[in-house]
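Asker: Quick one: sequence plus predicted model below, questions after.
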There are 2 protein chains.
Amino acid sequence: MQVSVLFSGGKDSSLSAILLEPFFEVELVTCGFSLLPVGEVASQTAERLGFPHRVIKPDTSILEKAYDMIMQDGFPKNAINYIHKSFIEHLATDDNINFIADGVRRDDRVPVLEHSEIRSIEDRFGVHYVCPLKGFGRAAVNELVKEHLIIEEGLSENVLKADYETELREIISQRNGSGKIKEIFPTHVQSHVIERRKADRTEQHD
Amino acid sequence: MQVSVLFSGGKDSSLSAILLEPFFEVELVTCGFSLLPVGEVASQTAERLGFPHRVIKPDTSILEKAYDMIMQDGFPKNAINYIHKSFIEHLATDDNINFIADGVRRDDRVPVLEHSEIRSIEDRFGVHYVCPLKGFGRAAVNELVKEHLIIEEGLSENVLKADYETELREIISQRNGSGKIKEIFPTHVQSHVIERRKADRTEQHD
């Protein structure tokens, strides 16, 4: 069975792929609107993890609509959820994709699909949407990350990650200046995966 | 890292153990009050799956309190949730147990811990409580089960499983007769694991 794992280059999506690897043929997929080289950054990380990777560019109208939402709301939650859901629906229309995996953890709030949205996507498109970390709290995820990944953590404005926030920030910066970003986005710690721990892959080839 | 997986002999707890196996040293633990040989049934299944297994007997007062609850309620939900939570707390007090895994799926309703109960148990006892299938819907679980397990399914009164319901049914049958069981428990389909698919273990030793 094949699974397409939503991949930002962060620890949660990387760990999700690692947890699925013994049971699925894993490919990583990154959403990129070509505003910034987020796809290339993700590709490099994917290569270090040892997984095949694709950058997928959904219709630019999705980023435009998200931009309108965030400028109206003054906070990023709805815009990020909108891009997330649109990207998953975009993947779900691909006849070759049967399982879509998302790195969402137990305590994550954004981006998260509502239960009804999950059921709707699974029913409309005939796909399975799975979240391998949904039943894991932050501390348990950290234990697994420590065993399998080498990461760097930093404030969100200093770490180039291939998540939805990165290109949303960029479009706001281009149109409204960097002051607007500081107004809208809370600063938070981001993780970026540097390397996979060697022991991990050795074990799998025992 | 070691994990103790709550084990009933059913497909969800078996699959949870299989999903964790590449990343943890797995042991299976079954709750048994010695009213019926549920521990022996679970042990046989555990052996076929290839995991070490322990039967753990919490204080009988837990079954007694659950009996009082179910007789008062007239339905099993609260009593089953009570045994479930008590058993997890019992495990969490064991200094050698750091990770407790539960086979609960995305759509499961009983037994399920509330979010606040999970946080409370993790904080009070310093354990990680993880649910590998929490982010998987029924159809996705069935796909994985098909690949890894051979199961038999039957109505709940005909399949001897090592779940909390089995001994609750027995204590009611002993004290109030089998008619009372039919009144309280809805009939539902239960799964029992017969065997692990060979390909599964071969792959892991590639």
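Answerer: Received it, and whenever you're ready, just let me know what you need. Residues are numbered from 1 along each chain as shown, chains lettered A, B, ... in the order given.
Asker: Run the contact check for whichever helix in chain A runs longest versus chain B.
Answerer: For chain A, the helix reaching the highest residue count under DSSP state H is reported as helix A:77-92. No: interface with chain B: helix A:77-92 contributes nothing (Cβ under 8 Å from any Cβ of the partner chain), its closest point being 13.5 Å away. Every C-beta, even on glycine, is put in place using the N, C-alpha and C of the backbone.
Asker: do the same with stretch A:34-49
Answerer: No: among the residues of stretch A:34-49, none lie within reach of chain B under Cβ under 8 Å from any Cβ; the closest is 15.3 Å away.
Asker: after the longest helix of chain A, next one along is what?
Answerer: Downstream of helix A:77-92, the first helix or strand assigned by DSSP states H and E is strand A:99-101.
Asker: Return the helix or strand in chain A with minimum mean pLDDT.
Answerer: Sorting the helices and strands of chain A by mean pLDDT, DSSP states H and E puts helix A:198-204 at the bottom, at a mean of 56.
Asker: Look up how far residue B:59 lies from the residue nearest to residue A:77 when sequence neighbours are not counted.
Answerer: Distances taken as Cβ to Cβ, 6 or more residues apart in numbering or on different chains place residue A:110 nearest to residue A:77, at 5.1 Å, with adjacent residues excluded. Going from residue A:110 to residue B:59 by Cβ to Cβ, to the nearest Å gives 43 Å.
Asker: So what's the residue count around residue A:180?
Answerer: 16 (other Cβ atoms under 10 Å in any protein chain shown).
Asker: quick one: it and residue A:49, what's the gap?
Answerer: 34 Å.
Asker: What of residue A:140?
Answerer: Residue A:140 is 20 Å from residue A:49, by Cβ to Cβ.
Asker: just residue A:151 next, same as before
Answerer: On the measure of Cβ to Cβ, residue A:151 and residue A:49 end up 12 Å apart.
Asker: of those two, who's got more company?
Answerer: When residue A:151 and residue A:49 are compared for neighbours, residue A:49 comes out ahead with 24 against 17, by other Cβ under 10 Å.
Asker: Please, where are all the helices along chain A?
Answerer: Counting by DSSP H, the helices of chain A are A:11-20, A:38-49, A:60-73, A:77-92, A:115-125, A:138-148, A:164-176, A:178-184, A:198-204.
Asker: Restrict the first one to CA atoms and write it as PDB.
Answerer: Listed in PDB are the C-alpha atoms of helix A:11-20, where the atom choice follows Å, rounded to 0.1, in the frame of the first residue of the first chain:
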ATOM      1  CA  LYS A  11       9.700  17.000  12.900                       C
ATOM      2  CA  ASP A  12       6.000  16.000  13.000                       C
ATOM      3  CA  SER A  13       5.600  15.200   9.300                       C
ATOM      4  CA  SER A  14       9.100  13.500   9.200                       C
ATOM      5  CA  LEU A  15       8.200  11.300  12.200                       C
ATOM      6  CA  SER A  16       4.800  10.400  10.700                       C
ATOM      7  CA  ALA A  17       6.600   9.200   7.600                       C
ATOM      8  CA  ILE A  18       9.000   7.200   9.700                       C
ATOM      9  CA  LEU A  19       6.200   5.500  11.600                       C
ATOM     10  CA  LEU A  20       4.400   4.500   8.400                       C
END
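Asker: got the angle for that helix vs helix B:11-20?
Answerer: Helix A:11-20 and helix B:11-20 are oriented at 110 degrees to each other (axes from the mean of the first three to the mean of the last three Cα atoms, to 10 degrees).
Asker: Any residues of chain A in contact with chain B? List them.
Answerer: Counting by Cβ under 8 Å from any Cβ, chain A sits next to chain B at A:1, A:19, A:22-23, A:99, A:102, A:104, A:106, A:118-119, A:122, A:128-137, A:139-140, A:143-144, A:147-148, A:203-206.
Asker: Please pick the buried ones from those residues.
Answerer: The neighbour count (16 or more other Cβ atoms under 10 Å in any protein chain shown) marks A:19, A:22-23, A:99, A:102, A:104, A:106, A:118, A:122, A:128-137, A:140, A:144, A:148 as buried among those.
Asker: returning to what we had before: and the longest helix of chain A, what does it pack against?
Answerer: Judged by 3 or more Cβ pairs under 8 Å, 6 or more residues apart in numbering or on different chains; DSSP states H and E, helix A:77-92 is in contact with strand A:2-6, strand A:25-31, strand A:53-56, helix A:60-73, strand A:99-101, helix A:115-125, helix A:164-176.
Asker: out of the ones you listed, which comes closest to residue A:89?
Answerer: For the helices and strands packed on helix A:77-92, the distance to residue A:89 is smallest for helix A:115-125, at 6.3 Å, taking Cβ to Cβ.
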